[in-house]
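Student: need a 3D model of the sequence below.
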Amino acid sequence: MFNELINFFNDLIYFIKYVIKGSEFLLNSVDKRLGFVIIFIFGSIFGSFINVLIYRLPLEMDFVFKGSFCPKCGVPIKWYHNIPIFSYIFLKGRCYYCKQPISIQYPIVEFISGIIFGLLYLKFGITWDFFVLCMFYIISVPVIVIDFKYQIIPNELTIGGTIIGLFFALLKSLLSFQLDSSISLGFLDSLLAIIVNVILFLIIYYVSFWVYKKEGLGFGDVKLAATIGAFLGLYPSLVSFFFSFLFGSVLGLIIMFVNKIINYKKVNLLRKYVFSSIDYLSAISVVYVVNTDIDKKNSVYIAFGPFMILGAWSSIFLTNFIIDILFGDYLLF
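Tutor: Predicted coordinates for the structure are as follows:
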């Protein structure tokens, strides 16, 4: 039984390897413009799935087996009314059955996903990097939107994302692919990154709670730190947190400035959309919280999840550059 299981996983690994190599040969041998169009189509399809995650995860609905349906009338959507981007245009932004408007979010996410997939294809080709980053993108967008709207990060994205990231890292180690150094180097690197990131964010979580007597960091952010570590590895994920703190600080300072000039209750956009997770983070490895003069019932919080994702994507493309500046040839990874 054990030998059969080993043989199964061995066959699975070789199957994945040949699929990747076959895809790489087919798409990398065609004209880049045609390849971009093909990848754009696949990206928009995954964008449709991202919309499903954004809508269903906060409601704790099944997102795997339950087919698409209109959120207004509940009628199942036929496949030809569910073609990314084009169906929205053809139906003039309304449900075919109840004629209620469909959120513009759906075609926007589908279009942007197609563009991002296409740009990743132009940057990396059909390589292991491409597949890893596409999967990380599929996780990234729901984290940003859901944390922005509901101030939560579902476990399906964090714990599930961590497992997926580790799985990719394990496959990479077993298949011995040579990856770009801004992405996880392998299983052990991802595992180490998860441990270090979780410890770091747990320290921030409990210290901020002890100092300010309230949550300065949502526990979902702690789990998201593990997900980022699983996909990026140790050094890139630490660099991503620097960017996260930097971006969070900039927005925090802007909000403080706006609050000094305009009465908070009149800033409906901020009141509605600037929300939970972390108060204000310093850009330099020291985390601090800035209390505003706003009525405590209307305290302003900043969801840190979107900044963590933005920092992660910044680190993917800038980690090597920053490491070279700081350490030159002394640190290679």
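Student: L251 contacts I302, doesn't it?
Tutor: Yes. Checked against CB atoms under 8 Å, the pair L251 and I302 is within contact range at 6.1 Å. All C-beta spots, glycine's among them, are computed from the backbone N, C-alpha and C.
Student: who has more neighbours, the two?
Tutor: Relative neighbour count places I302 above the other of L251 and I302, with 21 against 15, counting by other CB atoms under 10 Å.
Student: distance of the more buried one from F245?
Tutor: I302 is 11 Å from F245, where distance means CB to CB, to the nearest Å.
Student: quick check: next helix or strand after the helix or strand that contains L224?
Tutor: Secondary structure from DSSP states H and E places L224 in helix 219-232. Once helix 219-232 ends, the next helix or strand along the chain (criterion: DSSP H and E) is helix 234-261.
Student: what angle sits between that following helix and helix 219-232?
Tutor: Calculated by axes from the mean of the first three to the mean of the last three CA atoms, to 10 degrees, helix 234-261 forms an angle of 140 degrees with helix 219-232.
Student: now do the helices in the stretch 51-200 of the chain.
Tutor: Counting by DSSP state H, counting those that start in this stretch, the segments of the stretch 51-200 of the chain that form helices are 86-90, 105-124, 128-150, 155-175, 187-212.
Student: dump those to JSON lines, plus mean neighbour count and mean pLDDT.
Tutor: Listed next are those as JSON lines, based on neighbours: other CB atoms under 10 Å; pLDDT from 0 to 100:
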{"stretch": "helix 86-90", "mean neighbour count": "15", "mean pLDDT": "93"}
{"stretch": "helix 105-124", "mean neighbour count": "19", "mean pLDDT": "94"}
{"stretch": "helix 128-150", "mean neighbour count": "21", "mean pLDDT": "93"}
{"stretch": "helix 155-175", "mean neighbour count": "19", "mean pLDDT": "90"}
{"stretch": "helix 187-212", "mean neighbour count": "17", "mean pLDDT": "89"}
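Student: now tabulate these in TSV and tack on distance to L318.
Tutor: As requested, those are arranged in TSV below (distance: least, CB to CB, whole Å):
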stretch	distance to L318
helix 86-90	35
helix 105-124	14
helix 128-150	14
helix 155-175	20
helix 187-212	17
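Student: ok, now how distant is S48 from V141?
Tutor: Separation of S48 from V141 (CB to CB): 12 Å.
Student: right, I mislabeled it, should have said Q105
Tutor: From Q105 to V141 the distance is 11 Å (CB to CB).
Student: just give the closest residue to L166, not the sequence neighbours.
Tutor: Of all residues not flanking L166 in the chain, A230 sits nearest, at 5.1 Å (CB to CB, 6 or more residues apart in numbering).
Student: neighbours around the one you found, how many?
Tutor: 27.
Student: what of the one 5 residues further on?
Tutor: Residues within reach of Y235, counting by other CB under 10 Å, total 20.
Student: surely it and I316 touch.
Tutor: No. Using CB under 8 Å, Y235 makes no contact with I316, being 11.7 Å away.
Student: surely F130 is in contact with L120?
Tutor: Yes. Using CB under 8 Å, F130 is in contact with L120, at 5.5 Å.
Student: next up, the contacts around the residue sitting nearest the centre point of the chain.
Tutor: Note on the chain: the residue nearest the mean C-alpha position is S140, at 1.3 Å, using CA atoms, centre = their mean. Contacts for S140 (CB atoms under 8 Å, 6 or more residues apart in numbering) come out as 309, 312-313.
Student: could you redo the last one with a cut-off of 7 Å?
Tutor: I309 (CB atoms under 7 Å, 6 or more residues apart in numbering).
Student: the helix holding L224 vs helix 155-175, what angle?
Tutor: Using the same axes, to 10 degrees: helix 219-232 against helix 155-175 is 20 degrees.
Student: can you show me the CA trace of helix 219-232 as CSV?
Tutor: Coordinates of each C-alpha in helix 219-232 appear next as CSV, following Å, rounded to 0.1, in the frame of the first residue of the first chain:
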residue,chain,number,x,y,z
PHE,A,219,-5.4,37.9,13.8
GLY,A,220,-6.3,37.4,10.1
ASP,A,221,-3.2,39.5,9.4
VAL,A,222,-1.1,37.0,11.4
LYS,A,223,-2.4,34.2,9.2
LEU,A,224,-1.9,36.2,6.1
ALA,A,225,1.7,36.7,7.0
ALA,A,226,2.1,32.9,7.0
THR,A,227,0.5,32.8,3.5
ILE,A,228,2.9,35.4,2.2
GLY,A,229,5.8,33.5,3.7
ALA,A,230,4.7,30.2,2.1
PHE,A,231,4.6,31.8,-1.4
LEU,A,232,7.6,34.2,-1.2
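Student: any idea how far it is from the middle of the chain?
Tutor: 10 Å (CA atoms, centre = their mean, to the nearest Å).
Student: no further queries at this time; thank you.
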